Structures are given as structure tokens and as C-alpha cells.
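> got a sequence here, can you build the structure:
(chains A and B)
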2 protein chains.
Amino acid sequence: MFTHLKAVEAWLKTTGGLPVNVKILIEGEEEIGGSNLEAYVAENAEALACDYAVISDTSQFAPGMPAITYGLKGLAYFEIHVRGAGRDLHSGTFGGAVANPLNALAAILDGLKGPDGRVRIEGFYDAVRPLEAWEREAFAALPFSEEAFRADLGVAELAGEEGYTTLERKWARPTCDVHGLWGGYSGPGPKTVLPCKAGAKFSFRLVPDQDPLEVEKLLRKHLEAHTPPGVTVELISHQGSPAVLVDVDSPGFRAAAKAVEIGFGVAPVFIREGGSIPVVGLLKQHLKVDTLLLGWGQNDDNLHGPDEKFSLADFHRGIKASAHLLDELSRAS
Amino acid sequence: MFTHLKAVEAWLKTTGGLPVNVKILIEGEEEIGGSNLEAYVAENAEALACDYAVISDTSQFAPGMPAITYGLKGLAYFEIHVRGAGRDLHSGTFGGAVANPLNALAAILDGLKGPDGRVRIEGFYDAVRPLEAWEREAFAALPFSEEAFRADLGVAELAGEEGYTTLERKWARPTCDVHGLWGGYSGPGPKTVLPCKAGAKFSFRLVPDQDPLEVEKLLRKHLEAHTPPGVTVELISHQGSPAVLVDVDSPGFRAAAKAVEIGFGVAPVFIREGGSIPVVGLLKQHLKVDTLLLGWGQNDDNLHGPDEKFSLADFHRGIKASAHLLDELSRAS
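Numbers count the residues shown, from 1 in each chain, chains lettered A, B, ... in the order given. Okay, here's the model as predicted:
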């Protein structure tokens, strides 16, 4: 944000004007959910009308390797409650004769994703847009070490969908993760309870062109068919947003690439991101515009951490790129 | 216990002696784990030497239907810890590229028991003694309503191992129940954490002639073969006891059946129990004796509950049966 404000300041100081119209939308609620932003954008769509949005909330791929993020994953987040008998039971007296919601929850969660890393819900992949050949080549050309990634995580081996590299899995393939699960006894030692309820939170990361509402529909159908006998399930939908993909051949994207090259002295790489930036989808929905995600920071900047940092050199390069962006956009077509 | 003390008192008052030697072992630690009992019995095996043990800790099958419990299930109780990356991760940035211990835990737990209610561990059923024909007939003849059982539990349908009735499942078939599971985020709303660890407690109820140590061995082998890639598991064994089965044709069992018939005015039914009574296995192990489980109470006596009760009429019938037991045992051969 600050690099763009500085760029505007520089243009005004130097030429007394701006090469393109600039509208600045400042939101201070992102870290507390930001529930007012969507209503604001929807109500002020006309005043906010524009050709492109620009957000600098992403990172360079590596030091000296600026990046433009052209894809983000979407999200469909759920909570499930599994209920069995009307009360907790003794597993000696009742075990084996009545469904156990914890066993059932395990079966349901295990049923969501197979050992091959693929989501098992029928129709889940129908809308998935495959990676294009140029993307797989570009990702493979990036200086990314699976071995360093593995060692940093402290795992003996990486795991994911068969047939895809780690970057492809992280950036461009849908997946399913359980975020939390609970039920029964978790204190010290043994307790032979057969609990009456259990629950879990899980989500699917989505890719273009998956629709979170369609995924919810498929999931509900899947659960109807795969809920073990003797238990009931309640599914709560917490959050849904579609994935984002910006056309790297669009005039705005090409203008941004040129501006970054001028600002940083090197052409940017085009990357995708596994996370979601909800505002990007929101701007697409209400203003019908693509967002140019120009990241100036580094992956190890420790965003929101107690030791958050931002290199001054990158700050200056970012200002230069931001200033040139306005110029490039004014000549883009 | 009290009915047997009263019976001894009656014999001494009436005849000045007892028809058989009686040794009384009083343990007051059962509800706090009873960790001293085994050492005591082991050290005093000679002093405690006997032909049969008698415990009245079980119930009648129904009012007016006294029962002798000739079988108890055993138990093999475990706790499992599943670990993934060295730290919690963001599911957007890392999801799909590294194993999730919560998904892995679900897969492991689901892998323990199939939708047909059968334990999936190779070799688990090898030592299982099948129900005998007379047992299946006797169980089927008992006044047990699956529908009333289902309604009391508040479930839409009962569930368990295919091919067996509810009483057979409860009393005489091994099973696996998850008692508790935990991991990740369980607070309100969504949180897209990819947690680094998860855990669960689960147990197998065992039947004759399964050996809890052998079950542990088979389980460890199963886990070695079925642990998803990218996670490590630690298995902790909490408790193990074999099942118990008393020969209903033994002299002691026949003597007990006669004594109960005299005390209650009706022949007892022979039943089994899904729970474990660890002291029974302990006496078998150290004293090499079978235990006669003569229950005087009712299933709705609410043992340990705030409204625990015990019918005086059953108390008196129990005393009478206990007194006759000493006589019958003196003539048993």
C-alpha cells in the first residue's frame, strides 16, 4: 500500500498530475475478519469502478526474484458434528453393539481424501481447470528445492497428490485438510467411554473453476451416501470463496510485469499461491475487475510475527515499480 | 460380598462351623485403580490357595431372572500420537504438499475397523473362540428386545459386526472403539491451521482365546504397514487383560447354579458380559482358579450413581443362595 501512496506522491510532485485515474481503498479490518468491506464495496461499486485493482500483499519468490501472483486458491470450510446414542456409554457394556461417533467420524474424514492424495467426493474434480503446459514448465524452472522444503518442515518425506510436484500441489491442485477434531476422553491414562458425540473442522482448498457452493452440494451428497449407520451428522458451512486466476496475457498484467522489471531491474516470475485473499474475489465479484498482486516482500519477512521485517531496498524498488505501473497502465491496451 | 459374610455368619450360628474352607479377600481400592491387589495376591498365592473364587459384582439378567456370568471380555487399550511437520502450518501455504496428522489419524483409526464391524488387523480373529451353538440358542432365548435397547439408546438403528445379534456382539465378539481423539483447532468459527500433531485413545474388547500382548503385536505390525507417508506414530499400551470363560459344566459352576436356584426359587440363566473385571483374570493367573460370578443386583441399580439402590428382597435371596453355595460346593465333584 505504502509503495503505491509514495508513487502517487512522486507523480504529483514531479508532473503535477497522474497518468491514470487512481482510487485508493483502505481497509483496516482484515485481521479481525473484515466483515464491513464487502458491504461497502457492494454499495459503492459505481464510485469504485476501475479497470484493475492492485494489491501488494504477496511476496517475491526469493530475494532478487520479484514475482507477480496470478492465481490464488479458493476455500470451502466446514464443521461436522457426529452424534450417536443419547448419552455417553460404557464401551464394555455397549461396545460393538452400537455405533461409536468417534469411529464414525474417522471413517467420514478418511472418506474425504484417499491415500493417493485425491479428494474422494464424486464430481469434485469435474470443474478443476488443469495446469497448462507453460505453467508446469515455469514452476519447474523456479529455484525451488523439494529437499530443503522437506528438511525445513522436519518430515521424513513429503506427501500429496500423485503425479504433481510440490509447487503444483501447493499452488494449483485442490486438496482437503482437517483443521481440528475432538470427542471423548483426552486426559491421562485409559478411560473406556463410548462417547455420544464427536466433531471436526475441515476444508477444501479450491482451484479454478471450482465453485464453493457446488462443492458443498457434492459434499452433502457424499455424506448422505457415506455416513456410517447408527450416527447422524450435521454439516455447518463456515466460509466459501472461489479461486482466482488472472490472465497473464491481459494488458494490465503485461503492464505490471514491465513495471516490476523496471523497478527491480529483473523480469518478475509468474507464480500462484495456495492461500486465499478474500478481497480479490470480492473485487472480482462486485467490480468485475482482476487484481494485480504485486508482492515486494520476502517469504521470511514473518508477517504478523513479533520480528516482522521489510527490506528498505525492496521498499524502494517497490516504490519505483509502483510509479512505473501507473505509466505502463496508461499505455496498456 | 455382604451376602457371603451373612452366609458365613448363618452357618457359624446354626452349625458352629462351615462345610468348606472360606477365605475372604477384601479390596477397597477398586475404584481408584487397585494397583496393590495384584502384588498382594501374587505374594500371598499360597495363603490364598483355593478351588474357586466367588465374586458378586454382576447383575441378574432381569427382575426375577438371576444369572451367573460365565464369560467376560478382555481388553487391550492403546493411545496413539501422530506427528507431522515440526510446527503448525498454514493450510493455504502448505496444504496438499505435506501430510496432515489429523487426516492421517482418521485414516489410521478408520483402518482399525471396517464398515462390516470387523477389526481389520491381520490375524486379529485367529485366536477368537467361536460362540458355541448352545450359547447362541441360550442368548436368543433370553427376553431381550433389540427394539427396546435401540430406543433406550436413542439411535435410529443399531450397528455392529454383521452376522451376530446384539447380545452376541455385546458379550462374545471382539470389537474396537475409539474413546477419545484430539488435535488442531476446536474453538468457534474457521481456522485454517494444518496442525503438527494429533492423538487418540482406543481399545479392543477381547474374547477367549485372544491374548492382549499378541493383539498389541499384531496392531504394531498393522500400523507399520498402514501408517500414511509423511507422519510418524507413537503407540502407547495402557492396559491389557485377557477374556475370561468359566466352564459351565465344571463342578463349581454346577454347584453355584443349584445354590442360586434354591436361593431365588428359579434356575439361573447363564450369561456373558462385555466388560472386564480385572480381578477375575488376576485370580486366574496367580491362583489358577475360576471365579463364580454370582450377581444379585439389577441392571438399573445405578452402580456408583447418586441414586444407587439394591432391593432388600434380592439381598435376602442372595444371602440364601450364598449359604447354599457353601453346602453345594462341599458336595461338588
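> per the record, what domains does chain A have?
A:74-128+A:174-241, A:133-172 (automatic domain parsing).
> so can I have CSV of those domains showing mean pLDDT, distance to chain B and mean neighbour count?
Where C-beta positions appear, they are placed from N, C-alpha and C, glycine not excepted. Shown next, in CSV, are those (pLDDT from 0 to 100; distance: least, CB to the nearest CB, whole Å; neighbours: other CB atoms under 10 Å in any protein chain shown):
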stretch, mean pLDDT, distance to chain B, mean neighbour count
domain A:74-128+A:174-241, 97, 3, 21
domain A:133-172, 97, 3, 16
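> contacting residues around stretch A:88-98?
Residues outside stretch A:88-98 that contact it (CB atoms under 8 Å, 6 or more residues apart in numbering or on different chains) are A:84-85, A:100, A:192-196, A:230, B:73, B:75, B:117, B:149, B:153, B:155, B:158-161, B:166, B:169-170, B:173-175, B:177, B:179, B:203, B:205, B:273-276.
> try it again with 7 Å
The contact list for stretch A:88-98, computed with CB atoms under 7 Å, 6 or more residues apart in numbering or on different chains, reads A:84-85, A:192-196, A:230, B:73, B:153, B:155, B:158-161, B:166, B:169-170, B:173, B:175, B:177, B:179, B:203, B:205, B:274-276.
> likewise stretch A:299-316?
When contacts are defined by CB under 7 Å, 6+ apart, stretch A:299-316 is touched by residues A:3, A:59, A:296, A:297, A:298.
> tell me the buried residues in that stretch?
Across stretch A:299-316, burial judged by 16 or more other CB atoms under 10 Å in any protein chain shown covers A:301, A:314.
> how far does it sit from the chain's center?
Counting by CA atoms, centre = their mean, to the nearest Å, stretch A:299-316 is centred 21 Å from the centre of its parent chain.
> phi, psi for the residue sitting furthest away from the middle of chain A please.
Using CA atoms, centre = their mean, the residue of chain A lying farthest from its centre is residue A:93. It sits 46.7 Å away. When read as degrees, to the nearest 10, the backbone of residue A:93 gives phi -70, psi -30.
> same thing with the one 5 residues further on?
The phi and psi values for residue A:98, taken as degrees, to the nearest 10, are phi -150, psi 150.
> now residue A:71
Here is the backbone geometry of residue A:71 (degrees, to the nearest 10): phi -150, psi 140.
> for it, what are its contacts?
Counting by CB under 7 Å, 6+ apart, residue A:71 makes contact with A:171, A:172, A:243, A:244, A:245, A:272, A:273.
> filter these down to the ones in strands?
Among the contacts of residue A:71, the residues falling in strands (DSSP state E) are A:244, A:245, A:272, A:273.
> could you pull out the helices in chain A for me?
Using DSSP state H, the helices of chain A run over A:2-15, A:35-43, A:91-94, A:101-110, A:133-141, A:146-153, A:166-172, A:212-226, A:251-264, A:278-287, A:312-331.
> what is the mean pLDDT for the longest one?
Here helix A:312-331 scores 96 as its mean pLDDT.
> closest to residue A:63 out of the helices of chain A?
Nearest to residue A:63, of all the helices of chain A, is helix A:312-331, at 8.6 Å by CB to CB.
> how far off centre is the closest one?
Distance, centroid of helix A:312-331 to centroid of chain: 26 Å (CA atoms, centre = their mean).
> just put the domains of chain A in JSON lines and tack on distance to residue B:129.
Output for the domains of chain A, formatted as JSON lines (distance: least, CB to CB, whole Å):
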{"stretch": "domain A:74-128+A:174-241", "distance to residue B:129": "16"}
{"stretch": "domain A:133-172", "distance to residue B:129": "41"}
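> ok, which of these comes nearest residue A:32?
domain A:74-128+A:174-241 (15.0 Å).
> gap between the two ends of the closest one?
5 Å (CA to CA, to the nearest Å).
> cool, and stretch A:158-166?
In stretch A:158-166, first residue to last residue: 8 Å (CA to CA).
> which residues touch it?
Around stretch A:158-166, the neighbours that count as contacts under CB under 7 Å, 6+ apart are A:116-118, A:139-140, A:146, A:149-150, A:169, A:173, A:175, B:96-99, B:228-230.
> stretch A:237-253 too?
A:51-52, A:70-79, A:206-208, A:210-213, A:216, A:270, A:276, A:278, A:280-281, A:284, A:290-292, A:329, A:332-333, B:189-190.
> hmm, back to that, out of the helices of chain A, flag the one nearest residue A:126.
Set against residue A:126 and scored by CB to CB, the helices of chain A come closest in helix A:212-226, at 8.7 Å.
> for that closest one, list the C-alpha coordinates in CSV.
Presented in CSV, the C-alpha positions along helix A:212-226 are these (Å, rounded to 0.1, in the frame of the first residue of the first chain):
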residue,chain,number,x,y,z
PRO,A,212,-17.6,-23.5,-3.3
LEU,A,213,-21.4,-23.8,-3.3
GLU,A,214,-21.2,-26.7,-5.8
VAL,A,215,-18.5,-28.3,-3.6
GLU,A,216,-20.8,-28.0,-0.6
LYS,A,217,-23.6,-29.6,-2.6
LEU,A,218,-21.3,-32.5,-3.6
LEU,A,219,-20.1,-32.9,-0.1
ARG,A,220,-23.6,-33.1,1.3
LYS,A,221,-24.5,-35.7,-1.2
HIS,A,222,-21.3,-37.6,-0.4
LEU,A,223,-22.1,-37.6,3.3
GLU,A,224,-25.6,-38.8,2.7
ALA,A,225,-24.2,-41.8,0.9
HIS,A,226,-21.2,-42.4,3.3
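> could you name the helices and strands sitting against it?
With contacts defined as 3 or more CB pairs under 7 Å, 6 or more residues apart in numbering or on different chains; DSSP states H and E, the packing partners of helix A:212-226 are strand A:74-83, strand A:197-206, strand A:232-241.
> which residues touch whatever residue of the stretch 201-333 of chain A ends up closest to chain B?
At 2.8 Å from chain B, residue A:275 is the closest residue in the stretch 201-333 of chain A, using CB to the nearest CB. Going by CB under 7 Å, 6+ apart, residue A:275 touches A:72, A:73, B:90, B:92, B:93.
> re earlier: which one of the contacts of stretch A:299-316 has the most neighbours?
Using other CB atoms under 10 Å in any protein chain shown as the neighbour test, the contacts of stretch A:299-316 are led by residue A:296, with 27 neighbours.
> I figured it hits residue A:3, correct?
Yes - counting by CB atoms under 7 Å, residue A:296 does reach residue A:3; the two are 6.2 Å apart.
> joint contacts of those two?
Jointly contacting residue A:296 and residue A:3 under the rule CB under 7 Å, 6+ apart are A:56, A:315, A:318.
> now, which of those residues sits nearest residue B:322?
Checking those against residue B:322 with CB to CB, the nearest one is residue A:56 at 85.3 Å.
> residues contacting the closest one?
With the criterion set at CB under 7 Å, 6+ apart, residue A:56 makes contact with A:1, A:3, A:4, A:294, A:295, A:296, A:318.
> tell me how far the nearest residue to residue A:161 once chain neighbours are set aside lies from residue A:151.
Leaving aside its sequence neighbours, residue A:161 sits nearest to residue A:117 (CB to CB, 6 or more residues apart in numbering or on different chains; 3.6 Å). Distance, residue A:117 to residue A:151, by CB to CB, to the nearest Å: 21 Å.
> next one: residue A:174
26 Å.
> surely residue A:115 and residue B:228 touch.
Yes - in this structure, residue A:115 is within contact of residue B:228 by CB under 7 Å, at 6.4 Å.
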